[in-house]
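1. here are the coordinates; sequence isn't available:
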């Protein structure tokens, strides 16, 4: 079984920054990809950023200029940093892993709430 452990999030003041981390319970290169999605109230879940095992990175379709996505292979983790947070960043952020090669399915974290206060 693959488990994803998310950390970070919570209440953040507008204009501040936040850092989310997600660690996998297996070697990150056993996974096809790993990344972050988010779901705001009343909206569909959307990709924020992800990276494949072949180092191909992708950011979401919205304006991600304030977002920095990275991978820490020593911790089998992916990190999402957001600067100058805005109210529209309020959402539940979910870690995702494509574990189809390893165990035949996608894995989702439980999600971590990010609330931006204005």
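-> Cool, the structure landed. Nothing here was measured: the structure is a model prediction, and the numbers come from that model. Residues are numbered from 1 along each chain as shown.
2. direction included, what does the lengthiest strand in the chain pair against?
-> In the chain, assigned by DSSP state E, the strand with the most residues is strand 91-99. Looking at strand 91-99 with DSSP bridges, its partner strands are strand 33-39 (antiparallel), strand 105-108 (antiparallel), strand 112-117 (antiparallel).
3. can you list contacts of the helix or strand following that strand?
-> Next helix or strand after strand 91-99 toward the C-terminus (DSSP states H and E): helix 100-103. In this structure, residues lying in contact with helix 100-103 by C-beta atoms under 8 Å, 6 or more residues apart in numbering are 1, 2, 26, 30, 31, 32, 106. Where C-beta positions appear, they are placed from N, C-alpha and C, glycine not excepted.
4. farthest pair in the residues you listed?
-> Spatially, the most separated pair among those is 1 and 32, at 16.4 Å (C-beta to C-beta).
5. more neighbours, those two?
-> Between residue 1 and residue 32, residue 32 has the larger neighbour count (other C-beta atoms under 10 Å), namely 16 against 8.
6. with that, I have no additional questions.
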